[in-house]
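Novice: how would this look folded up:
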Amino acid sequence: MRILVTGASGFVGSLLVPRLRAEGHRVLAFGREPARVSASLARTSASARRAGELRTGAEVEIVRGDVLTGEGLARALADVEVAYYLVHSMERSRDPHSPSSPFPERESVAAERFAEHAVRAGVRRIVYLGGVTPSPRPSAEREGRSEPASVRVSRHLASREHVERVLLAAVPDSLALRASIVIGARSRSFRLLVHLVERLPVLTLPAWHTLRTQPLDERDVVEMLLACADARLPRRSLDVGGPDVLTYGEMLETIAELMLLARPKISLGVNLTPFTARVAAAIAGEDPELVVALMEGLQGDLLPAADDAAELLGVRLHSFSSAVEHALAEWDRHEPLAAR
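Specialist: Numbering: from 1, shown residues only. Model prediction:
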């Protein structure tokens, strides 16, 4: 099968490409910077070979282009059966000549442009990876708390919902996976948590540390995306999550334990998102705009609405502890962790 992967230099895209190759597909990797795509794929392909997951397969064709401007899309989508849309625009572009409009606007324009080209090219299926939307806790669980009966959807998650609607409406056989936090060595959300554990002698936790989610191992999300290429499922969205329901505070505790670090905690009891997000970004060495966007999404529990996605796609899930151990080992292989 001829398959296009957009966002191929990114965290998930670069992991997916070697798995598609291992299944014998002809893969085209799409990105603005071919050298960056090539470097990302070299790293993940080497990891796949060490794990015995990549032995044979045709070389990947790298196509230079930009979903926002439409450059390269016609060539990239020609004769493609399945196209993976793994592009997100929360961060400021590294290209000084690219448009500087707000990220929801950029994401909308890019999705609409991609959808138009996909329809013209006769693509059979688009596969999109978006985000789980926050949900309020049942009233019994909110008793004695100040949590609202409904929650506000952040700009970041609302934008992903809009992109999902655009793509699924364009190509009728399309699928969307909605995940919360993915645990992997290159996951920006996971790296933020690890850097906070590494660099804070005392974990000062905003009120969102009590919110729950189901973190998903990078290996599992890649296997789910892989299965989507030929899954006999009608057009639909699937909420995906790992087997463990954890609060963000519990995730930080587990990460600290697995890194053999003692980290006492102090709860602030308030969120103060714009302030705490920028402080966290400074501590972790992250883009503050990215961290603000991520933390704005922490308005309620980020739990899948249903738990049948793994079964439908034939994927066996890893535990949170296993996911963290795997991610830390891969991270340490490429850039030693300061706290280990």
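
Novice: ok, which stretches of the chain are strands?
Specialist: Across the chain, reading from the start of the chain, the strands by DSSP state E fall at 2-6, 26-31, 61-64, 82-85, 125-131, 175-179, 182-183, 203-205, 212-213, 216-217, 236-239, 246-247, 265-267.

Novice: nearest to H326 among the ones you listed would be which one?
Specialist: Nearest to H326 among those is strand 216-217 (6.8 Å), distances taken as CB to CB. Using the backbone N, CA and C atoms, a C-beta is placed for each residue, glycine as well.

Novice: how close does M251 get to S321?
Specialist: Applying CB to CB, to the nearest Å, one obtains 11 Å for the distance of M251 from S321.

Novice: for this protein, what helix or strand is lowest in average pLDDT?
Specialist: Ranked by mean pLDDT, DSSP states H and E, the helix or strand of the chain with the weakest confidence is helix 139-142, at a mean of 46.

Novice: rewinding a little: compare neighbour counts for M251 and S321 and give me the winner.
Specialist: Neighbours of M251 and S321, each counted by other CB atoms under 10 Å, are more numerous for M251; the result is 22 against 13.

Novice: so who does G10 touch?
Specialist: 40, 86-88 (CB atoms under 8 Å, 6 or more residues apart in numbering).

Novice: just for this structure, where's the confidence low?
Specialist: Where the chain drops to pLDDT under 70, the residues are 47-58, 89-101, 135-152, 268-281, 283-284, 287-298, 338-340.

Novice: which stretches in it count as helices?
Specialist: For the chain, helices defined by DSSP state H occupy the ranges 11-22, 34-50, 73-77, 103-121, 139-142, 155-170, 188-199, 218-228, 248-258, 273-284, 288-296, 309-313, 320-334.

Novice: list the buried residues for the third one?
Specialist: Right, helix 73-77. Judged by neighbour count using 16 or more other CB atoms under 10 Å, the buried positions of helix 73-77 are 73, 76-77.

Novice: and of those residues, the nearest to E33?
Specialist: Each of the buried residues of helix 73-77 was scored against E33 by CB to CB, and A76 proved nearest at 14.7 Å.

Novice: tell me the spacing between the closest residue to the closest one other than its chain neighbours and R32.
Specialist: The spatially closest residue to A76, leaving aside those adjacent along the chain, is V63, at 4.3 Å (CB to CB, 6 or more residues apart in numbering). Applying CB to CB, one obtains 11 Å for the distance of V63 from R32.

Novice: about what we covered before: now the strands of the chain as a markdown table including mean neighbour count and distance to G285?
Specialist: Formatted as a markdown table, the entries for the strands of the chain read as follows, by neighbours: other CB atoms under 10 Å; distance: least, CB to CB, whole Å:
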| stretch | mean neighbour count | distance to G285 |
| --- | --- | --- |
| strand 2-6 | 25 | 27 |
| strand 26-31 | 25 | 24 |
| strand 61-64 | 18 | 29 |
| strand 82-85 | 27 | 29 |
| strand 125-131 | 25 | 24 |
| strand 175-179 | 24 | 24 |
| strand 182-183 | 26 | 19 |
| strand 203-205 | 17 | 17 |
| strand 212-213 | 22 | 24 |
| strand 216-217 | 26 | 24 |
| strand 236-239 | 18 | 31 |
| strand 246-247 | 17 | 25 |
| strand 265-267 | 12 | 22 |
